[in-house]
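Trainee: I'd like to go over a predicted model; first the sequence, then the structure.
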Amino acid sequence: MNRSTRLFWRALHLHCPHCDSGNLFRSWFRMRAFCPACGLPLEREAGAQVGSYMFSIIVAELVFALVLGVLLLLTWPNPPWTIIEAGMIVLMVVLPMVFYPFSKTLFLALDLWVRPPSRDELS
């Protein structure tokens, strides 16, 4: 498995992309400041949260488009617009909350892929 695949695979399992340690989250919405195993800062720069928000928005929009397309294909020519509209509102509220920790670790993996950690970052 190459380096980039390994980083993203670990991130999808909510592990540290650098060392594969788990336990990065205090709760579903609270990430620790540092990896408990390797000491890597989990937000490596100011504004890193914006990148993880970007991942959440992209996933939510892609899932929205996919689900809407499938629903329209399955129910055409008389789609139940009221049900679709209500379901999509719920989906767009719930999905970013469900995906939140994954967006944090995936953005960290992307950051590590682009900018590997220096010795100073690791404790």
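Mentor: Arrived safely.

Trainee: only C-alpha atoms from now on, for both contacts and neighbour counts.
Mentor: Will do.

Trainee: please, which helix or strand holds the spatially most central residue of the chain?
Mentor: When Cα atoms, centre = their mean is applied to the chain, the residue found nearest the centroid is residue 103 (1.6 Å). Using DSSP states H and E, residue 103 falls within helix 81-114.

Trainee: any regions of this protein where pLDDT drops low?
Mentor: Residue ranges of the chain with pLDDT under 70: 123.

Trainee: show me the contacts for the nearest residue to residue 8 once chain neighbours are set aside.
Mentor: Closest residue in space to residue 8, ignoring its immediate chain neighbours: residue 109 at 5.7 Å, by Cα to Cα, 6 or more residues apart in numbering. Counting by Cα atoms under 8 Å, 6 or more residues apart in numbering, residue 109 touches 7, 8, 11, 17, 18.

Trainee: 10 Å instead, please
Mentor: If you count contacts by Cα atoms under 10 Å, 6 or more residues apart in numbering, residue 109 has them with 4-12, 15-18, 42, 103, 115-116.

Trainee: and if you look at residue 115?
Mentor: Counting by Cα under 10 Å, 6+ apart, residue 115 touches residue 109.

Trainee: that one and residue 27, how far apart?
Mentor: 27 Å (Cα to Cα, to the nearest Å).

Trainee: likewise for residue 55?
Mentor: Applying Cα to Cα, the value for residue 55 to residue 27 is 19 Å.

Trainee: neighbour count: these two, which is higher?
Mentor: residue 55 (18 against 10; other Cα atoms under 10 Å).

Trainee: in the strand or helix carrying residue 10, what's buried?
Mentor: Secondary structure assignment for residue 10, by DSSP H and E: helix 3-12. By neighbour count on 16 or more other Cα atoms under 10 Å, the buried set for helix 3-12 is 6, 7, 8, 9, 10, 11, 12.

Trainee: list the contacts of the very next helix or strand once past that helix.
Mentor: Using DSSP H and E, the helix or strand that follows helix 3-12 in sequence is strand 25-27. Contacts of strand 25-27 with the rest of the structure, by Cα under 10 Å, 6+ apart, involve 14, 15, 31, 32, 33, 34, 35, 101.
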